[in-house]
Every structure is written in C-alpha cells, then in structure tokens.
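*Asks:* structure, please.
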Amino acid sequence: MARSSRTDVAVLGALSVQPMSGYAVRAAITETLGHFWSESFGQIYPALARLEAAGLVRAAADGRTSGRVFEITDDGLARLRTMLAEPDEPAPPRNGLLLRLFFGRLLGPDVCRDLVRDVRVRAEASLATYAALRREVEAEPDAGNRAYFLVTVAAGEHGARAQLAWADEALTLLAAVDDRDPH
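*Replies:* From the prediction side, this is the model:
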C-alpha cells in the first residue's frame with residue numbers, strides 16, 4: 001500500500017469514529033494511533049482534499065463558523081473497509097540507531113553503550129505506557145472494540161519487551177569491547 005493510501009486509511013479511520021476538522025484528525029491520530037502510527041499536517045490536509053474530491057468524505061454541517069469539519073460518506077466507509085482488508089506491504093526498514101551502531105567503531109563503545117541504554121529507558125517507559133493503556137481499554141464499558149484495541153496494545157508490549165531483551169544483549173556484547181580500541 002502506497003504512503004498516500006496508508007494516510008487515507010488513517011484519515012478515513014479517524015473520521016469513521018466521528019466527524020472532525022483536519023486539526024482534530026491529526027490530534028486523534030496522534031493521541032489514539034500515535035503508539036504505532038503517525039501523520040503530519042502536511043499529509044492530512046492533502047488526504048482530506050483528495051478524499052473529498054473522490055466523494056469519500058464531505059464537509060459536515062456542524063454550525064461552527066471557523067474551520068471545516070469533515071465526515072465520512074457511505075462510499076468512504078466502503079472504501080475504508082476495502083483498504084483495511086488489503087494485505088499490508090512492509091515499508092523498507094530505516095533505523096537510525098542500528099545505522100549508528102553498525103558503524104559504532106567510529107563512535108566508540110562508550111557512546112554506543114549510551115545509545116543502547118537510552119533505548120532501554122525508552123522501552124521501559126513504553127511498557128509502563130502500554131500497561132496503563134491496557135488497564136484503560138479493559139475498563140471501558142463498551143466491549144465492541146476491546147479485542148481489537150488490545151491486539152494493538154499487545155503488539156506494543158511485545159515490541160517493548162523485545163527492545164529490552166535486545167538492549168540487554170547489546171550491552172553485554174558492548175561490555176566485551178575494549179574501551180581503548182582505536183576508532
């Protein structure tokens with residue numbers, strides 16, 4: 001799925017919950033999907049224009065005088081369902097940390113250990129965040145989306161635990177590197 005198609009899925013998905021402005025779409029994506037998906041304003045507004053031109057969203061009559069509020073159309077909901085059912089094409093990996101560590105000889109072991117320790121701290125923080133999200137989702141009275149939301153929370157938890165395990169292994173490997181090794 002191309003980048004613009006993925007943006008369309010995120011925007012249509014947000015609008016399937018409720019009508020909102022472009023700003024509110026960005027906030028919803030950041031606050032709700034932000035643990036595994038991000039979009040910039042530079043992607044959202046062109047997507048809204050493209051989706052409106054295609055008849056998949058329309059301006060909603062909400063009584064406000066400032067800002068346009070969009071709502072998903074029946075065609076938009078049908079298109080969203082179709083797009084969600086398409087197989088995902090993995091994006092090529094781009095990991096700045098691993099790029100740095102691959103050339104870590106030029107940084108030295110102390111810098112590399114600091115980079116990995118930072119990953120470990122962030123992974124621990126993520127685990128705490130996911131634990132809070134899990135409690136929040138499990139406490140929701142509407143169980144209709146619970147299993148779907150918990151699937152994404154579980155993926156985040158597993159990813160954070162994998163980061164912790166990797167960081168521990170990486171620190172063990174880096175401990176064996178001679179600090180006096182010339183760069």
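*Asks:* show me where the chain has its helices.
*Replies:* Assigned by DSSP state H, the helices in the chain fall at 3-17, 22-28, 41-53, 74-85, 96-102, 109-139, 146-175.
*Asks:* nearest to Ala60, of those?
*Replies:* Within the helices of the chain, the stretch nearest Ala60 is helix 3-17; the backing value is 9.4 Å (CB to CB). To be clear about C-beta, it is placed using only N, CA and C from the backbone, and glycine gets the same treatment.
*Asks:* how about residues contacting the closest one?
*Replies:* Here helix 3-17 makes contact (CB atoms under 8 Å, 6 or more residues apart in numbering) with 1, 20, 25, 28-29, 32-33, 37, 39, 43-44, 46-48, 50-51, 56-57, 70-72, 76-77, 79-80, 83-84.
*Asks:* redo the helices of the chain as CSV? Include mean pLDDT.
*Replies:* Rendered in CSV, the data for those read as follows (pLDDT from 0 to 100):
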stretch, mean pLDDT
helix 3-17, 87
helix 22-28, 91
helix 41-53, 92
helix 74-85, 95
helix 96-102, 95
helix 109-139, 96
helix 146-175, 96
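*Asks:* got the ones you listed as a markdown table, with mean neighbour count and distance to Ala61 columns?
*Replies:* Converted to a markdown table, those look like this (neighbours: other CB atoms under 10 Å; distance: least, CB to CB, whole Å):
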| stretch | mean neighbour count | distance to Ala61 |
| --- | --- | --- |
| helix 3-17 | 19 | 15 |
| helix 22-28 | 18 | 16 |
| helix 41-53 | 16 | 15 |
| helix 74-85 | 14 | 17 |
| helix 96-102 | 12 | 45 |
| helix 109-139 | 15 | 33 |
| helix 146-175 | 14 | 31 |
